[in-house]
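J.: Predicted model follows, preceded by the sequence.
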Amino acid sequence: MANLGYIGARTAPFDASETMDPRAKRVPTPIELFNENFDKFVAWHDTGCKHHSACLTCPFERCRMDNPAGASWFYLQQKREDHDSIRAEYAAGEPIRALAYKHELSTRTIRRIVAEAPHD
């Protein structure tokens, strides 16, 4: 092969032993570079969600986004837990007006919750 004047042009066929020098530093892949410098590339702030101010210190054992149903599943689960606690407080003798004030619901909603059957 003739040298055509290109920078780095070869006059002989490629020799694989040129790249096998054990003293040569290994060049990291783009993925490795990204992983090492993740903080420089991504500006992620732990802003939390509607239910807690920070994801990393959230008291819930399961995040609302862990389920494929997403937020709707989480809200339904929270609603069931809230209704169960309202029923328990009512069974313990708490007045309906006090429950409505405590949970920021109307007295009619409290009556509906108390009347419905508990969830499994």
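T.: Done, it's in.
J.: Could you identify the helix or strand that succeeds the lowest-mean-pLDDT helix or strand in the chain?
T.: Lowest mean confidence among the helices and strands of the chain (mean pLDDT, DSSP states H and E): helix 38-41, at a mean of 68. Next helix or strand after helix 38-41 toward the C-terminus (DSSP states H and E): helix 71-91.
J.: could you measure residue 26 against residue 32, distance?
T.: Residue 26 sits 10 Å away from residue 32, going by CB to CB, to the nearest Å. (C-beta placed from N, C-alpha, C; glycine too.)
J.: the more surrounded of these two?
T.: Per other CB atoms under 10 Å, whichever of residue 26 and residue 32 has more neighbours is residue 32, with 11 against 6.
J.: how about the helix or strand hosting the more buried one as CSV, C-alpha atoms only?
T.: Per DSSP H and E, residue 32 falls inside helix 30-36. Output in CSV follows, covering the C-alpha atoms of helix 30-36 (Å, rounded to 0.1, in the frame of the first residue of the first chain):
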residue,chain,number,x,y,z
PRO,A,30,-18.4,6.1,26.5
ILE,A,31,-20.6,4.3,28.9
GLU,A,32,-17.8,4.0,31.5
LEU,A,33,-17.1,7.7,31.1
PHE,A,34,-20.7,8.5,31.6
ASN,A,35,-21.0,6.4,34.7
GLU,A,36,-17.9,7.9,36.2
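J.: Brilliant, that's me finished.
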